[in-house]
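S.K.: From the sequence below, what's the structure:
(chains A and B)
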Amino acid sequence: MNRWLGLAVLAVALIAIFIDGYSYIYRYFNHISFSQPLQKTQVPTLFGRELVLQKGLDLQGGTEVVLQIDPRSLPAGVTMQQAQDSTVSVMEKRVNNIGVREAVVQSQGSNRVVVQLPGVDFDRARELVGKTAKLTFRTWKKATPGLGGKLIVPKDAAGDPIVAPDYVPVSEGGTCIGTATKECIPIGYLPQEIGVDGSMITSASESTDQTTNQPNVSISLNDQGATILGNVTQNMPSQPAPLNQLAIFLDNQMINNAVVQQPLTAGTFEIHGGNISTDPVYRKNLVATLSAGRLPGKITIVESNSVGATLGFDSVRRGLEAGALGLAVVVLFMISYYRLPGAVATMALIFYAAVTLAMYKLIPVTITLAGIAGFVLSVGMAVDANVLIFERLREELRNGRSLAAAAQAAHDRALPAIRDSNISTLITCAVLFLHDRFLPVGFTVAKGFALTLGIGVVISFVSAVYVTQLLLQMVIRVRAFREARLFAVERVQ
Amino acid sequence: MKDILGKRNYFFLLSLIIIVPGMISMATMGFRLGIAFTGGNRITLHYRSGVTPTDIQKEMDNFHVDAIIQDAGPNRVIITTKPLDTTPPSTGHKAQDQVIREDLTQKFGPPPGGGQTVETFDTVGPQVASQLVYTAALLIAIASFLIVLYLALRFSVPGVGRWKFAISAIVALLHDVFVLTGIFSILGRVFNLAIGEIDLLFVTATLTVVGFSVHDTIVIFDRIRENLRFGGAQRLIKANFESVVNLSIIQSLARSLNTSLTVIFVLLSLFLIAPTSIKGFALALLIGIVSGTYSSIFNASPLLVAWRDWETSKR
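M.R.: Numbering: from 1, shown residues only, chains lettered A, B, ... in the order given. This next block holds a predicted model:
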């Protein structure tokens, strides 16, 4: 029986070491230098499975944004569940359009969506995912002036003005002074939606104007959008300004306002001017946003965390150093206090560390700073199980049992305590890991910690109870090792 | 043999000496709350040599955002502000947070050795923050409740009853939670130290301490359970429950201390080396684990005895 267990442990250890070192094996066979880090395109895979440690944003740098959907902004008949699902899919498209590797988009609680963007700073993340990006086409309508010639700007369902104050001219109570790159809305007029919006866009792309050679953005509408636009613009060319102008709004910001030279019936048109012509990043984001489609309702950023790449690198290094130092001290302590069994426990601890690391790669577990802390703590728990067994071993030896009998008794007697204490830790881990399923708010930091600690507790249980025991029984068969001082007792039978 | 249980009132007293000031501090001054609970923004700034935190404080005061500057290691500060306006006023214009970050980068960067000047930037809206306090408390309650159920299932010893073990363990657990939260309240509010700030990692640490505290108590309870079962001792319980418990504590003493020592070694190395962002976390775990070891030896088991004595004297 022990022989089979021994073979199984050996096999698991070898597989684990193979997985742990796979990136080196991969480098060897692909003739990549061992000293330099792997490029983004060089991903060690085996049978189509990536075998790498996934680092969290706090370790590799990047931005996490939590978006909240405003329930007041949802159209009638759309439930929050549907809105959340479609927000996730729109965000996935936006992120894919811009080409962020290993981005994660997932829903959280009942009305939130989390977007994780590795290697992206906060400003770019906000540009990309922080916008509701409702594109609307609007024409101009005479406004009734308020007190002192101020423009009364109506509010939308979510309570925001339909035109942002910095597009309203100063003379009408806004802050717009009008520049070459930023136009104000016409004095005395308010925009009115014509019923064409972003949901009718079939494609958007960057292009270049044939005559002026200026960069612009081309947009195509579906049949319904093309028909409405055709009808609305039918008589516009003959109207006086600004009634002959068609404005395009992104949320409440005017991104374009142009004179209609002839009715727009083709359903395809180009927009340019302002930021579209001058800022390539803005242009790229606009295209990504427009082609991803329309969000069901208004979103706001309620939480965000952003970490620079250098800090992340530093954190990894210091986390590993702390882990290594902690382990070294523990090993020294175990060997000096428990002698031979302490050395056996160290072997078991190495087995434990190798298997845990392999599990992180296989599952895969995203490693965060809190995750490293969970791992380090689980090492402490793995050692605890060994301490329990060894204290019992000493006791049984002092009671005059033979080594073999004492080892067996120590194992049997320590088992209930190890099992019950590990299960109580696992209960805490489960509550932490699953809390966002039954509570409205989730905190990701606790989940990473619970996952690594939980995996650690399970593996350490197996390692401490079976692997240590196995090694101990092998060691005590060797006559030279059956010395009392090696077990820190007075006499061994 | 040492008589630990005989001195149990002194041990209870020592716990109270630590817990009562903490509770007074919590009740009157509360905690030094991180932005996770208050809402707001936080920037880790890695500044160039020659700049002092006072320069940064002066610069931030110009923005009128209630900025608080905390030292965070060589050439680093953490700047906490009230919630900044993170919505850009319009296309092509910068939001308040971006204006501030770019200003800081320009005036105080680049850090020695290169890299980003603004290393981290966090924002938490007030609506998220208010729900978190409730969630954190609820999580601790749920975990404790499930552990009580598990213990009641596992530790049913004839003559002692099903719930005494479980409830004594939970009292020891609450002891540890109060020691930890009390000390953090004192650190953060009485001494006004940045490390006493309560954040999400602190909640995680508290939950871990909950798990560890029970873990430690279980080991001693397991010994009591074993001694009661195998000590040939059904009669002995009634005769002298106290000496059985005392024996069990003495028998598990080396283990309790050694285990705690190993975990303390690991945590100390985390505390000394790890990045500032998890120093507070390591400290919280250290306090919790020392308290957990103490309470499992000197509170949980003595309480079991005190309870049973009280019940016997009632009859």
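S.K.: Can you report how many residues lie near the nearest residue to A:Asp209 once chain neighbours are set aside?
M.R.: Excluding the flanking residues, the one nearest A:Asp209 by CB to CB, 6 or more residues apart in numbering or on different chains is A:Asn216, at 5.4 Å. From N, CA and C alone the C-beta is placed, and that goes for glycine too. Number of residues near A:Asn216 (other CB atoms under 10 Å in any protein chain shown) recorded here: 19.
S.K.: part of a strand, is A:Asn216?
M.R.: Yes - membership of A:Asn216 in a strand is supported by DSSP: H, G, I helix; E, B strand; the rest coil.
S.K.: Next one: it from A:Ser277, what distance?
M.R.: 7 Å (CB to CB, to the nearest Å).
S.K.: again with A:Gly178
M.R.: 17 Å.
S.K.: ditto for B:Thr44
M.R.: B:Thr44 is 37 Å from A:Ser277, by CB to CB.
S.K.: can you tell me if stretch A:451-464 touches chain B.
M.R.: Yes - against chain B, stretch A:451-464 shows contacts by CB under 8 Å from any CB of the partner chain at A:Leu453.
S.K.: Show residues contacting that stretch.
M.R.: A:345, A:348-349, A:351-352, A:355-356, A:359-360, A:363, A:365, A:367, A:371-372, A:374-375, A:377-379, A:381-382, A:385-386, A:389, A:418-419, A:422, A:425-426, A:429-430, A:433, B:208 (CB atoms under 8 Å, 6 or more residues apart in numbering or on different chains).
S.K.: Just the buried ones among the residues you listed, please.
M.R.: Buried members of the contacts of stretch A:451-464, counted by 16 or more other CB atoms under 10 Å in any protein chain shown: A:345, A:348-349, A:351-352, A:355-356, A:359-360, A:365, A:367, A:371-372, A:374-375, A:377-379, A:381-382, A:385-386, A:389, A:418-419, A:422, A:425-426, A:429, A:433, B:208.
S.K.: List the ones among those residues that fall in strands.
M.R.: A:Ile367 (DSSP state E).
S.K.: A:Ala7: neighbouring residues, count only.
M.R.: If you look again at residue A:7, you'll see it is Leu, not Ala. Neighbours of A:Leu7 (other CB under 10 Å): 10.
S.K.: wait, is it part of a strand?
M.R.: No - A:Leu7 is assigned helix when assessed by three-state DSSP, not a strand.
S.K.: contacting residues around the residue most central in space within chain A?
M.R.: In chain A, the residue lying closest to the centroid (CA atoms, centre = their mean) is A:Gln116, at 3.5 Å. Going by CB under 8 Å, 6+ apart, A:Gln116 touches A:57, A:62-64, A:103-105.
S.K.: Of those residues, which is the most crowded?
M.R.: A:Gly62 (26 neighbours).
S.K.: check contacts around it.
M.R.: A:Gly62 neighbours (CB under 8 Å, 6+ apart): A:116-120, A:306-307.
S.K.: Mind checking which of those are buried?
M.R.: Buried, going by 16+ other CB under 10 Å: A:116-120, A:306-307, out of the contacts of A:Gly62.
S.K.: list the contacts for residue 100?
M.R.: Since you didn't name a chain, this refers to chain A. Per CB under 8 Å, 6+ apart, neighbours of A:Val100: A:117-120.
S.K.: wrong one, I was asking about chain B
M.R.: Taking CB under 8 Å, 6+ apart as the definition, contacts of B:Ile100 comprise B:43, B:60, B:63, B:65, B:84.
S.K.: What residues sit buried inside the helix or strand containing it?
M.R.: Taking DSSP states H and E as the criterion, B:Ile100 maps to helix B:96-108. The neighbour-count check on helix B:96-108 (16+ other CB under 10 Å) flags B:96-98, B:100-101, B:104, B:108 as buried.
S.K.: quick one: which of those is nearest to B:Gly34?
M.R.: When the buried residues of helix B:96-108 are compared for distance to B:Gly34 (CB to CB), B:Asp97 wins out at 17.7 Å.
S.K.: OK, now which residue of the stretch 1-150 of chain A is nearest to chain B?
M.R.: A:Phe122 (5.2 Å; CB to the nearest CB).
S.K.: and that residue, how many residues sit next to it?
M.R.: 28.
S.K.: now A:Thr208
M.R.: With other CB under 10 Å as criterion, A:Thr208 counts 12.
S.K.: And it, how far from A:His272?
M.R.: Applying CB to CB to A:Thr208 and A:His272 gives a distance of 10 Å.
S.K.: How is B:Thr86 assigned, secondary-structure-wise?
M.R.: Assignment for B:Thr86 (three-state DSSP): coil.
S.K.: so where's chain A uncertain?
M.R.: Flagging of chain A using pLDDT under 70 yields the residue ranges A:1, A:37-41, A:158, A:180, A:440-444, A:492-493.
S.K.: Domain parsing of it, as residue ranges.
M.R.: A:2-56+A:308-487, A:64-307 (automatic domain parsing).
S.K.: one step back: could you pull up the contacting residues of the residue of the stretch 1-150 of chain A closest to chain B?
M.R.: So A:Phe122 contacts A:63, A:304, A:306, B:97, B:121 (CB under 8 Å, 6+ apart).
S.K.: Partner strands of the strand or helix carrying the residue nearest to the centre of chain A, with direction?
M.R.: Assigned by DSSP H and E, A:Gln116 belongs to strand A:112-118. Strand A:112-118 pairs in its sheet with strand A:62-69 (antiparallel), strand A:104-108 (antiparallel), by DSSP bridges.
S.K.: what angle sits between whichever helix or strand comes after that strand and helix B:96-108?
M.R.: Downstream of strand A:112-118, the next assigned helix or strand under DSSP H and E is helix A:122-129. Computed with axes from the mean of the first three to the mean of the last three CA atoms, to 10 degrees, the direction of helix A:122-129 lies at 160 degrees from that of helix B:96-108.
S.K.: how much distance is there from helix A:122-129 to the middle of the chain?
M.R.: In terms of CA atoms, centre = their mean, to the nearest Å, the centre of helix A:122-129 is set 15 Å apart from its chain centre.
S.K.: Can you verify A:Pro263 is assigned to a strand?
M.R.: No - going by three-state DSSP, the assignment for A:Pro263 is coil, not a strand.
S.K.: which ones are touching it?
M.R.: A:Pro263 sits in contact with A:230, A:233-234, A:236-237, where contact means CB under 8 Å, 6+ apart.
S.K.: 6 Å - rerun?
M.R.: Counting by CB atoms under 6 Å, 6 or more residues apart in numbering or on different chains, A:Pro263 makes contact with A:233-234.
S.K.: From B:Asn62, how far out is it?
M.R.: Counting by CB to CB - A:Pro263 and B:Asn62 are separated by 53 Å.
S.K.: Touching, A:Lys93 and A:Arg294? I think so.
M.R.: No - using CB atoms under 6 Å, A:Lys93 is not in contact with A:Arg294; the gap is 11.0 Å.
S.K.: Can you lay out the buried residues of helix B:96-108 as CSV showing distance to B:Gln251 and pLDDT?
M.R.: Putting the buried residues of helix B:96-108 into CSV (distance: CB to CB, whole Å; pLDDT from 0 to 100) gives the following:
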residue, distance to B:Gln251, pLDDT
B:Gln96, 63, 86
B:Asp97, 59, 88
B:Gln98, 63, 88
B:Ile100, 61, 91
B:Arg101, 59, 91
B:Leu104, 59, 91
B:Phe108, 59, 90
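S.K.: Nearest to B:Ile19 among those residues?
M.R.: The closest of those, once distances to B:Ile19 are taken by CB to CB, is B:Asp97, at 41.1 Å.
S.K.: Tell me which residues touch that closest one, please.
M.R.: Per CB under 6 Å, 6+ apart, neighbours of B:Asp97: B:84, B:86.
S.K.: one more time with 7 Å
M.R.: B:41, B:84, B:86 (CB atoms under 7 Å, 6 or more residues apart in numbering or on different chains).
S.K.: which of the residues you listed are close to chain A?
M.R.: B:Thr86 (CB under 7 Å from any CB of the partner chain).
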